[in-house]
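show me the folded form of this:
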Amino acid sequence: MKLVLASRANERFFHLLDELEGVQVVRAFTEADVQREIVDADAIYGWPSREAFALARRLRWIQCPSAGVERLLTFPEVVESDVIVTNARGAHARNMAEHVFAMLLAWSRGILLARDLQRQRRWEGALVRRHSIELAGSTMGIIGLGNIGRAVAQRASAFEMQVLAVDPEPVEKGPFVSELWGLEGLPELLRRSDVVVVSAPHTRQSYHMLGAEQLALMKPTAALIVISRGALVDHAALADALQRGRIAFAALDATEPEPLPPESPLWGLENCLITPHSSGHSLQKEQRTIEILCENVRRFVAGEPLINVVDKQKGY
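Got it, this is the predicted structure:
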């Protein structure tokens with residue numbers, strides 16, 4: 001088979017592909033190279049452009065380096081084709097779950113405030129202590145109980161938090177979740193949660209699923225953490241809720257659009273923490289992603305079913 005590497009994502013572990021037999025690996029990191037090499041490729045790693053995809057003559061499989069595949073599924077030609085799309089689902093769960101708690105603890109333990117005071121060389125113990133709360137005994141609500149959501153739930157359990165979750169699919173609740181509902185349970189989750197974590201994929205159905213109406217259901221003391229895709233939250237409604245004190249804190253690792261425009265009011269809010277879509281990255285994650293690619297190459301050559309196959313109609 002011919003495999004085209006059309007993305008440098010996780011490049012430092014491409015050497016793992018050298019151990020595979022019966023595979024011609026071609027690197028094509030410019031659009032011109034991709035368009036040339038995709039013509040007779042069996043598989044491609046990356047996000048081929050619409051123009052490149054149109055040139056493919058025997059392409060049977062696209063492996064995306066990320067868990068989210070919405071940028072590829074905007075092409076009707078891809079969705080309607082017989083080409084299998086797989087993703088890196090599962091590779092990012094650990095580091096993204098750790099990032100959730102890094103952002104959460106920065107708020108709940110007054111670290112953000114202490115950092116601001118440090119820049120001013122001010123020792124304000126009483127002030128920081130007034131902004132410190134315990135997570136133990138509180139409730140976390142998770143929107144999207146996939147690999148990332150389950151990893152978040154596991155860590156929340158270690159912090160002695162009760163975990164609620166919603167998911168559109170009939171997933172298993174697992175040992176770390178107290179209650180699990182379909183999306184009809186979202187209002188109840190928002191009302192009861194002290195921390196809400198968004199870890200669901202971006203699909204046509206999930207776009208702006210958290211707007212002004214939904215944010216109004218949250219406690220004024222609650223925090224919202226967006227770790228998957230920014231498009232699930234109406235940013236104007238979120239900024240308004242934060243400015244009016246309708247929720248206490250928001251942490252965004254994913255925004256809409258990306259990068260977040262300089263004129264966005266979210267940048268200037270003291271009760272909003274923004275990280276530049278960095279939660280999904282770690283050295284270990286890079287290796288896991290290429291290991292998923294290697295396993296799927298092995299299966300492709302052997303004629304076995306691939307793992308992490310995306311339902312192109314659902315978008316995940």
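
what residues are bridge-paired with Leu210?
Val233 (DSSP bridges).

for it, give me the pLDDT.
pLDDT recorded at Leu210 is 98.

please verify my assumption that it contacts Val198.
Yes: taking Cβ atoms under 8 Å as the definition, Leu210 is a contact partner of Val198 at 7.0 Å. Just so you know, the C-beta spots here come from the backbone N, C-alpha and C atoms, and that holds for glycine as well.

what's the burial count for Ala54?
Neighbour count for Ala54, taken as other Cβ atoms under 10 Å: 12.

let me redo that: Gln287
So Gln287, with other Cβ under 10 Å, has 15 neighbours.

again with Met96
Neighbours of Met96 (other Cβ under 10 Å): 26.

distance of the residue nearest to it when sequence neighbours are not counted relative to Ala254?
Spatial nearest neighbour of Met96, chain neighbours left out: Ser279 (4.6 Å); criterion: Cβ to Cβ, 6 or more residues apart in numbering. As judged by Cβ to Cβ, to the nearest Å, Ser279 and Ala254 stand 8 Å apart.

go on, Glu70?
Counting by Cβ to Cβ - Glu70 and Ala254 are separated by 12 Å.

which of the two has more neighbours?
Ala254 (23 against 17).

ok now do that one, which residues does it touch?
By Cβ atoms under 8 Å, 6 or more residues apart in numbering, the residues touching Ala254 are Val226, Ile227, Ser228, Arg229, Gly230, His277.

out of the residues you listed, list just those in helices.
In helices, judged by DSSP state H, none of these are found.

out of those residues, flag the one nearest to Ala9.
Distance ranking of these against Ala9, using Cβ to Cβ, places His277 first at 13.0 Å.

wait, the closest one sits on Leu252?
No: applying Cβ under 8 Å as the test, His277 and Leu252 come out as separate, 9.2 Å apart.

more neighbours: which of the two?
Remark: of His277 and Leu252, Leu252 carries more neighbours, 24 against 17, as counted by other Cβ under 10 Å.
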